[in-house]
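Q: sequence below, structure please.
(2 chains)
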Amino acid sequence: MRIGAAKESYEADAALFDTRAQRGWLVVLAAALAAFPFVADEYWLYLACLIAINIASATGLNILTGYTGLVSLGQAAFMGLGAYTVAILETTLGTPFVLNLLAGGVVAALGGIVVGIPSLRVKGLYLAISTIAASVIAHFLFANLTLTGGTSGLSVPPARLFGVALDTSFRLYWLIVPVAALMLLAAANLFRTRIGRAFIAIRDRDISAEVLGIPLLRYKLMSFGLSSFYAGVAGGLWAYFFRVVTPESFPLIMSIFFLAAIIVGGMGTILGSILGAVFMTLVPELLKLVVGWLPLSTDMGLVLSPVRTIVFGALIVGFLIFEPHGLAEIWRRVRRYFHLWPFRT
Amino acid sequence: MNDSGFDWLFLAEISLAGLGSGGLLALTGLAFVIIYKATRVVNLAIGEMLMMAAYVFFAFAAGAGLPIWAAIFGAVLASGALGALVERTMIRPMLGESPISTFMVTVGLASILVGIVELVWTADPRRLPEFMPTDPVLLGQAMVAPKVFYGFVVTALLIAAVLLVFRFWRGAVALRATASDQAAAYSMGIDVPRVFSLAWTAAAMIAAVAGIVVGAIGGISSTMGVFGLSVLVVVIVGGLDSVAGALLGGLLVGLVEAWAGAYLGGEYKMLATFSLLVLVLLLRPYGLFGTHEIERL
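A: Purely as a prediction, here's the structure:
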């Protein structure tokens, strides 16, 4: 059994990682992440990069949907904005990738703010639907502008760091995972600041928040901007990872994927974004294994994609009905059980 | 016909075709509004429910070889059963949860339905068996595709029937009572959970008819649910809880889509629809005829 940690100062109380054990595990985790590329094979590295990208984007969506309470079905479109910005900058100007990623984030953030403007007057479901409109319009632009290469899209040269082309999963891992970790840390810190608290107040009851003196429009737009910035950077990483960007790369189903990730993981928690993104990225791989075991006469790919669609939907529905706080809540319960052992909660 | 100047006949033909598809949008919008009014659930899966019904019809008519009328009847019944099942297993447990959560449940439902259709019938588009007259229809000078014309007739008749039923039938009065005030309806002895069931069943049946007609005109595929996105625009434009709004909105969106498709090109259809949506959201967020809900603390 572990009892509570005694805190003797406000700094200690407000710290992000407030116990010695937590900090210890964090060091272990960092060491494990650093050692991972040297022991894992190509497939696992690929998955790790994909998971890190999805974590970054899911965290962004969680800021908007989980913390500010504004449902968005446009996350994929914002990722697309970021990815296209990176692709265009990389092919035409050849600027360094750090700059490109930032630019991707900023362009996506601007897009997010434009989409968020209706949140001045509409909220809840209406807003969710207007984000669908945004993703339809974004898809149209991607497919029809000459700048974006039309339906065939753009291919992206690899990112370069000190003259080394980051063209394998092993090399990209050192770009993608630190960026994702940095973004996670920033998001976790955001909710210890005035802005983050304002977001939470808006989620809990926006009219009350306004009465308390929080300018709704400014903070809602800020939330949209931040969330799409995350999506844009994640989209930029996506572009460097897959090296080709087409209008079909960012369909509506991808937005649903991210929504599912934060629902399954747990809305309004950083841990939820991580768990959800990891879980949802691994589910298709797991399904591939399961479907591979089944003695099927038909083509595997033919069965896999629909089964994946069904499982995604079932996960959304199941978690919303039976575990609305998601995997993060399960994690917390398990942890509490061990902390309190041998007593019961 | 004059060579120079505007081709009015073309405009008329396009507009008639637009009204034809607008009727279908209106019908599906009606199904949506019934669910929304009774249960306050925004059903994003309406397009997928419609698709499911079209596939069931396909299975009955082409697969099992039933006569068309039996297949239609069967598909409508099956769709109603699906609606009741969905309400009982997915929507009822969400009673009292935030509307956003329930909305996301329907997002999940849409995904499940698409997956089932792809699993059973694969993602390839199919054609429904022909069951409508094929002689072209002339309205004045303008020619209308027969399927569109008869589809519109069926739609209009069904809408009229639904409106009449909702005006006079006892169950439908209970439904309207629940829509206007749930607690009051409860205390007047109306079985509200049963009304919920009824609303979903009725809406699913209406959507089934729309699905069969849509499928008969354009064929069926697992991406047919995109039709549901247009329906979403229809009900937002008309106002989520307004029957008249759904009907007018349907025709309006149908016209806009047809004009955009004819004069700008097919890829502009969705763009036009959703631009209309954004416009309405910015100018009249609660739609043309929707109730403006006042929020109290």
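
Q: so where do the strands sit in chain A?
A: In chain A, the strands defined using DSSP state E lie at A:154-155, A:159-161, A:164-166, A:244-245.

Q: need those strands in TSV with mean pLDDT, distance to A:Lys288 and mean neighbour count, can you?
A: Just so you know, the C-beta spots here come from the backbone N, C-alpha and C atoms, and that holds for glycine as well. Compiled in TSV, the strands of chain A are given as follows (pLDDT from 0 to 100; distance: least, Cβ to Cβ, whole Å; neighbours: other Cβ atoms under 10 Å in any protein chain shown):
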stretch	mean pLDDT	distance to A:Lys288	mean neighbour count
strand A:154-155	86	27	18
strand A:159-161	77	29	18
strand A:164-166	77	27	13
strand A:244-245	90	22	20
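
Q: turn these into CSV, including distance to B:Ala53.
A: Shown next, in CSV, are the strands of chain A (distance: least, Cβ to Cβ, whole Å):
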stretch, distance to B:Ala53
strand A:154-155, 40
strand A:159-161, 49
strand A:164-166, 50
strand A:244-245, 37
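
Q: okay if I get those as a markdown table plus distance to chain B?
A: Shown next, in a markdown table, are the strands of chain A (distance: least, Cβ to the nearest Cβ, whole Å):
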| stretch | distance to chain B |
| --- | --- |
| strand A:154-155 | 19 |
| strand A:159-161 | 32 |
| strand A:164-166 | 34 |
| strand A:244-245 | 19 |
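
Q: so which residues on the stretch 1-150 of chain A come close to chain B?
A: A:69, A:71, A:73, A:117-118, A:121-122, A:124-126, A:128-130, A:132-133, A:136-137, A:140, A:143-144 (Cβ under 8 Å from any Cβ of the partner chain).

Q: so which of those belong to helices?
A: If you go by DSSP state H, these have A:Leu125, A:Tyr126, A:Ala128, A:Ile129, A:Ser130, A:Ile132, A:Ala133, A:Val136, A:Ile137, A:Phe140, A:Ala143, A:Asn144 in helices.

Q: quick check: the farthest pair among those?
A: A:Leu125 and A:Asn144 (28.9 Å; Cβ to Cβ).

Q: how close does A:Glu323 sit to A:Ile263?
A: Counting by Cβ to Cβ, to the nearest Å, the gap from A:Glu323 to A:Ile263 is 10 Å.

Q: got it, and B:Ala53?
A: B:Ala53 is 27 Å from A:Ile263, where distance means Cβ to Cβ.

Q: within its sheet, name the partner strands of the helix or strand of chain B with the lowest mean pLDDT and how each one runs.
A: Every helix and strand in chain B was compared by mean pLDDT, DSSP states H and E; the lowest is strand B:137-139, with a mean of 74. With DSSP bridges as the test, strand B:137-139 is paired with strand B:142-144 (antiparallel).

Q: list the contacts of the strand it pairs with.
A: Contact with strand B:142-144 is made by B:Leu9, B:Ala12, B:Glu13, B:Leu16, B:Ala17, B:Gly20, B:Pro136, B:Val137, B:Leu138, as judged by Cβ atoms under 8 Å, 6 or more residues apart in numbering or on different chains.

Q: would you mark the buried spots in the least confident helix or strand of chain B?
A: Of the residues in strand B:137-139, those buried by neighbour count under the rule 16 or more other Cβ atoms under 10 Å in any protein chain shown are B:Val137.

Q: the lengthiest helix in chain A and chain B in contact?
A: Counting residues, the longest helix found in chain A (DSSP H) is helix A:216-242. No - judged by Cβ under 8 Å from any Cβ, helix A:216-242 and chain B are separated, with a smallest distance of 12.5 Å.

Q: next one: stretch B:28-35 to chain centre, how far?
A: 6 Å (Cα atoms, centre = their mean, to the nearest Å).

Q: wait, I meant stretch A:280-287
A: On Cα atoms, centre = their mean, the centre of stretch A:280-287 falls 16 Å from the chain's centre.

Q: what about it and chain B, touching?
A: No - taking Cβ under 8 Å from any Cβ as the criterion, stretch A:280-287 and chain B are apart, separated by no less than 11.4 Å.

Q: got the buried residues for that stretch?
A: Buried, per 16+ other Cβ under 10 Å, within stretch A:280-287: A:Met280, A:Thr281, A:Val283, A:Pro284, A:Leu287.

Q: what does stretch A:114-121 give?
A: Those would be A:Val115, A:Gly116, A:Ile117, A:Pro118, A:Ser119, for stretch A:114-121 by 16+ other Cβ under 10 Å.

Q: residues contacting the closest residue to the third one other than its chain neighbours?
A: Spelled out, it's A:Ile117. Distances taken as Cβ to Cβ, 6 or more residues apart in numbering or on different chains put A:Leu221 closest to A:Ile117, at 7.2 Å, once the chain neighbours are dropped. Listed by Cβ under 8 Å, 6+ apart, the contact set of A:Leu221 reads A:Ile113, A:Gly116, A:Ile117, A:Ser119.

Q: can I get those in JSON lines with pLDDT?
A: Formatted as JSON lines, these follow (pLDDT from 0 to 100):
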{"residue": "A:Ile113", "pLDDT": "92"}
{"residue": "A:Gly116", "pLDDT": "85"}
{"residue": "A:Ile117", "pLDDT": "83"}
{"residue": "A:Ser119", "pLDDT": "73"}
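
Q: now for those residues: which two are most distant?
A: A:Ile113 and A:Ser119 (10.0 Å).

Q: what's the overlap in contacts for the two?
A: Common neighbours of A:Ile113 and A:Ser119 (Cβ under 8 Å, 6+ apart) are A:Leu221, A:Phe224.

Q: re earlier: of the buried residues of stretch A:114-121, which is the nearest to chain B?
A: Closest approach between the buried residues of stretch A:114-121 and chain B, by Cβ to the nearest Cβ: A:Pro118, at 5.1 Å.

Q: that closest one: what's it in contact with?
A: A:Tyr126, A:Leu127, A:Ser130, B:Val278, B:Leu281, B:Leu282, B:Pro285.
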